[in-house]
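Undergrad: Just a sequence and a predicted model for now, questions to come.
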Amino acid sequence: MNNKEIVREVVQAYLDADMEKVLSHMTDDVQVGWPGFFDLEPGKDAVRKFFADIPEIVSGSIESLIADGDTVAGTRRVTARHKDGSLKNSFFCDVYELENGKVKRLKSYMVFEQAGVSA
């Protein structure tokens with residue numbers, strides 16, 4: 001499996017809420033962050049803990065993936081149900097850095113759909 005196929009599998013597992021499959025494709029010391037917001041502590045446990053408390057994904061799609069060596073960038077969209085029951089759309093551009101076929105670093109840039117504006 002090449003790096004682009006690995007990332008496609010990771011993103012699809014995330015959209016399917018299969019966190020253990022996502023984590024199986026990450027290094028033990030993976031670094032995950034959202035530039036301009038925050039970074040998680042390194043490691044799978046921090047990723048597992050963070051994603052246990054996110055809104056329920058109702059739908060999502062992979063829009064594009066571009067690979068260059070050990071770096072894969074992709075865009076996706078997600079509709080999530082929040083604690084108040086509302087549905088909100090989010091758009092992401094993720095940059096994955098892989099090492100030996102596993103995600104070593106993930107930077108996720110996200111934009112929330114604004115009221116009155118549709119994509």
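TA: Looks like it came in fine.
Undergrad: got the CA coordinates for the top helix by length along the chain in PDB?
TA: For the chain, the helix that runs over the most residues, judged by DSSP state H, is helix 3-15. In PDB, the C-alpha atoms belonging to helix 3-15 read as follows (Å, rounded to 0.1, in the frame of the first residue of the first chain):
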ATOM      1  CA  ASN A   3       1.300   6.500   1.300                       C
ATOM      2  CA  LYS A   4      -1.700   8.000  -0.400                       C
ATOM      3  CA  GLU A   5      -3.700   4.700   0.000                       C
ATOM      4  CA  ILE A   6      -2.600   4.600   3.700                       C
ATOM      5  CA  VAL A   7      -4.000   8.100   4.300                       C
ATOM      6  CA  ARG A   8      -7.200   7.300   2.400                       C
ATOM      7  CA  GLU A   9      -7.700   4.300   4.800                       C
ATOM      8  CA  VAL A  10      -6.900   6.500   7.800                       C
ATOM      9  CA  VAL A  11      -9.400   9.200   6.800                       C
ATOM     10  CA  GLN A  12     -12.100   6.700   5.900                       C
ATOM     11  CA  ALA A  13     -11.600   5.000   9.300                       C
ATOM     12  CA  TYR A  14     -12.000   8.400  11.000                       C
ATOM     13  CA  LEU A  15     -15.200   9.100   9.000                       C
END
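Undergrad: So for it, what gets flagged as buried?
TA: 3-4, 6-8, 10-15 (16 or more other CB atoms under 10 Å). Using the backbone N, CA and C atoms, a C-beta is placed for each residue, glycine as well.
Undergrad: helices or strands up against the very next helix or strand once past it?
TA: Using DSSP states H and E, the helix or strand that follows helix 3-15 towards the C-terminus is helix 19-24. Judged by 3 or more CB pairs under 8 Å, 6 or more residues apart in numbering; DSSP states H and E, helix 19-24 is in contact with helix 3-15, helix 44-51.
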